[in-house]
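> Quick one, structure for this:
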Amino acid sequence: QVQLVESGGGLVQAGGSLRLSCAASGRTFSTYAMGWFRQAPGKEREFVSAIGWNPSTTYYADSVKGRFTISRDNAKNTVYLQMNSLKPEDTAVYYCAANRLLTTRGSAYDYWGQGTQVTVSS
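Numbers count the residues shown, from 1 in each chain. Below you'll find the predicted structure:
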């Protein structure tokens, strides 16, 4: 069982930056792939980024590539999402998720956090 708690969301102006954190419980965090997803009002949940248990393997959605960076600190049981050059269209609730296998498919993830709101004003 893995419990996930996101933090770091907030209100930022377009062009600004935020860093989201996702703290995981349990002693097996280093064996899980971690993903970030987001859901804007009236839209379906979409993939943002994912990182394998080996942090050298990362995936990004085309819409965030070059602006967002995912990383993990297995000693701290935490995964991060550094978001730069934010745009109003990045406004959404951001969720982290854990899965044994690295994938961009949200339906494959076993554990989810409660989400953190990111709002980007124009």
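> Let me see the contact set for the closest residue to residue 109 other than its chain neighbours.
Spatial nearest neighbour of residue 109, chain neighbours left out: residue 97 (3.7 Å); criterion: CB to CB, 6 or more residues apart in numbering. Bear in mind the C-beta positions are built from the backbone N, C-alpha and C, glycine included. Going by CB atoms under 8 Å, 6 or more residues apart in numbering, residue 97 touches 4, 34, 35, 36, 37, 106, 109, 110, 111, 112, 113.
> Can you tell me, leaving aside adjacent residues, what's nearest to the last one?
With CB to CB, 6+ apart as the measure, residue 4 is the residue that lies nearest to residue 113, at 3.6 Å, once sequence neighbours are left out.
> Likewise for the third one?
Counting by CB to CB, 6+ apart, residue 35 lies nearest to residue 50, which is 4.0 Å off, once chain neighbours are set aside.
> Point to the residue nearest the middle of this protein.
In the chain, the residue lying closest to the centroid (CA atoms, centre = their mean) is residue 36, at 2.6 Å.
> Direction included, what does the helix or strand that contains it pair against?
Element membership for residue 36 (DSSP states H and E) is strand 33-39. Taking DSSP bridges as the criterion, strand 33-39 forms sheet pairs with strand 46-51 (antiparallel), strand 92-99 (antiparallel).
> Next, the buried residues of it.
By 16 or more other CB atoms under 10 Å, the buried positions in strand 33-39 come out as 33, 34, 35, 36, 37, 38.
> cool, stretch 83-102 as well?
By 16+ other CB under 10 Å, the buried positions in stretch 83-102 come out as 83, 86, 90-99, 102.
> Then stretch 103-110?
If you call a residue buried by 16+ other CB under 10 Å, then stretch 103-110 has these buried ones: 103, 106, 109.
> Which residues outside it are in contact with it?
Residues outside stretch 103-110 that contact it (CB under 8 Å, 6+ apart) are 2, 33, 35, 37, 45, 47, 50, 59, 61, 97-101.
> how about 6 Å then?
35, 37, 45, 47, 59, 97, 99 (CB atoms under 6 Å, 6 or more residues apart in numbering).
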